[in-house]
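In: Sequence below, structure please.
(2 chains)
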Amino acid sequence: EAQVTQNPRYLITVTGKKLTVTCSQNMNHEYMSWYRQDPGLGLRQIYYSMNVEVTDKGDVPEGYKVSRKEKRNFPLILESPSPNQTSLYFCASSLAQVLNNEQFFGPGTRLTVL
Amino acid sequence: GDSVTQMEGPVTLSEEAFLTINCTYTATGYPSLFWYVQYPGEGLQLLLKATKADDKGSNKGFEATYRKETTSFHLEKGSVQVSDSAVYFCALNPDQTGANNLFFGTGTRLTVIP
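Out: From the prediction side, this is the model:
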């Protein structure tokens, strides 16, 4: 089954404790992206990647890192989480060479930083 | 810059009522426009899209027409069902970066009551 998976689905942590949210897709998509969803703000893009070893900042990259060492994986790293990073996070992927192609979203990771 | 403005929710309708969710956009180029739907506890799914002016996207009884003159992409359905209860996001792809980056509206929560 074609899908985007994220782990963990739920995470409660404390300020300053490094964490990684994994994202994996099995559709051989070049393009991957991370969004955060907050009430009243919709989804905002954190980082995106056009292909392996190619990453770019989105609208709200501060406090986050990403890496793209393999085509299927695009982990989101919070080196020193803070309470304002409490949010619902979504990973998405699509074919890069087809503009305006559908983005496929993962189920989301709900993060709480105390 | 590029942005999307969606009508504020929540929207509550009785089954079989007519639905309109307004969406207007600001873009410097010729964007593509999308409606995504998020069912409870799930990630976003593409509902429909339109890639040029006067295109009509349609799916599952929902429709939206790309109106360049009014910079709008309003979502409509003639007869909603309880199963349509979800959050609906309007989004645009500026189509200028070569990437599939999406700019989302804030989302409109629809509840359909029997």
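In: closest point of chain B to chain A, which residue?
Out: B:Gly43 (3.4 Å; Cβ to the nearest Cβ). For every residue, glycine as well, the C-beta is placed using N, CA and C.
In: near chain B, which residues of chain A show up?
Out: A:4, A:31, A:33, A:35, A:40-45, A:48, A:50, A:56, A:58, A:90, A:92, A:94, A:96, A:99-103, A:105-108 (Cβ under 8 Å from any Cβ of the partner chain).
In: Weed out the non-buried ones from those.
Out: A:4, A:31, A:33, A:35, A:42-45, A:48, A:50, A:58, A:90, A:92, A:94, A:96, A:100-103, A:105-106, A:108 (16 or more other Cβ atoms under 10 Å in any protein chain shown).
In: Go through the residues you listed and flag which are in helices.
Out: Assignment to helices by DSSP state H places none of those there.
In: In strands only, show me those.
Out: When DSSP state E is applied, those are split such that A:4, A:31, A:33, A:35, A:42-45, A:48, A:50, A:90, A:92, A:94, A:105 fall in strands.
In: Grab the two from those residues that are most spread out in space.
Out: For these, the farthest-apart pair by Cβ to Cβ is A:Gly42 and A:Met50; their separation is 23.0 Å.
In: Span of stretch A:4-12 from start to end?
Out: 22 Å (Cα to Cα, to the nearest Å).
In: I meant stretch B:74-84, not that one.
Out: 16 Å.
In: Whether that stretch contacts chain A - can you check?
Out: No - counting by Cβ under 8 Å from any Cβ, chain A has no neighbours in stretch B:74-84; the shortest distance is 15.0 Å.
In: now swap in stretch B:10-24 and tell me
Out: No - Stretch B:10-24 lies out of reach of chain A by Cβ under 8 Å from any Cβ, never closer than 11.6 Å.
In: tell me the mean pLDDT for the helix or strand harbouring B:Gln45?
Out: Using DSSP states H and E, B:Gln45 falls within strand B:44-50. Strand B:44-50 carries an average pLDDT of 94.
In: tell me which residues of it are tucked away?
Out: Buried, per 16+ other Cβ under 10 Å, within strand B:44-50: B:Leu44, B:Leu46, B:Leu47, B:Leu48, B:Lys49, B:Ala50.
In: Identify the bridge partners of the last one.
Out: B:Ala50 has these beta-bridge partners by DSSP bridges: B:Leu33.
In: Check the gap between it and B:Leu44 for me.
Out: As for B:Ala50, its distance to B:Leu44 is 17 Å (criterion: Cβ to Cβ, to the nearest Å).
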